[in-house]
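Enquirer: Got a predicted structure plus its sequence, pasted below:
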Amino acid sequence: MGVFLKLMRFRDSSKIEISLIALFFCYFGLTSKLPELPLCPAVWFGGAGCPACGTTRAIWSIMHGRLADAWLFNPIGYIVVLGFFRRSLILIMVDGTTRRHLNSSLVDKLLIYSFFTIALTNYLLKLNV
């Protein structure tokens, strides 16, 4: 039947989600270096970076404690790590006031607006360099 169907039978999808987030943190935290190839399709096809270019390197740098390097690669990395960390807390916490505050649509909007504002600002600043 395949792995996908077995996962579909797994009723508690939050356990799958928290496992994938843990895998994400483990990959970025335990790898000694990232692959040398460019991960961005915009670089492959167009030769120029997109507003999210450098985010993978930024996340890797954050996970290895190189916060200044992460900021120089792309500040979006901080929003991505914060979003994954927030989601992990929501999945782990039982019902309560803190979970309700973390899981509010206001926090979702704040993260999304921050992501796109930082992406656009960073992109425009890199164009002028």
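Expert: Sure thing, it's come through. Numbers count the residues shown, from 1 in each chain.
Enquirer: Please tell me how far the residue nearest to L82 when sequence neighbours are not counted sits from L127.
Expert: Computed as Cβ to Cβ, 6 or more residues apart in numbering, the closest residue to L82 that is not its neighbour in sequence is L111, at 7.1 Å. Backbone N, C-alpha and C define where each C-beta goes, glycine included. As for L111, its distance to L127 is 25 Å (criterion: Cβ to Cβ, to the nearest Å).
Enquirer: higher neighbour count, these two?
Expert: Applying other Cβ atoms under 10 Å to L111 and L127 shows that L111 carries more neighbours, namely 15 against 9.
Enquirer: Surely the more buried one is in contact with R86?
Expert: Yes - L111 is within contact range of R86, at 7.5 Å (criterion: Cβ atoms under 8 Å).
Enquirer: contacting residues around the residue positioned nearest the centre of the chain?
Expert: The centroid of the chain falls nearest to V80 when counting by Cα atoms, centre = their mean (3.2 Å). Residues near V80 by Cβ atoms under 8 Å, 6 or more residues apart in numbering: T55, A58, I59, F115.
Enquirer: What does it show for phi and psi?
Expert: Backbone torsions of V80, given as degrees, to the nearest 10, read phi -60, psi -50.
Enquirer: In terms of secondary structure, what does the lengthiest helix in the chain contact?
Expert: Secondary structure of the chain per DSSP state H: the longest helix is helix 105-128. With contacts taken as 3 or more Cβ pairs under 8 Å, 6 or more residues apart in numbering; DSSP states H and E, helix 105-128 sits against helix 76-92.
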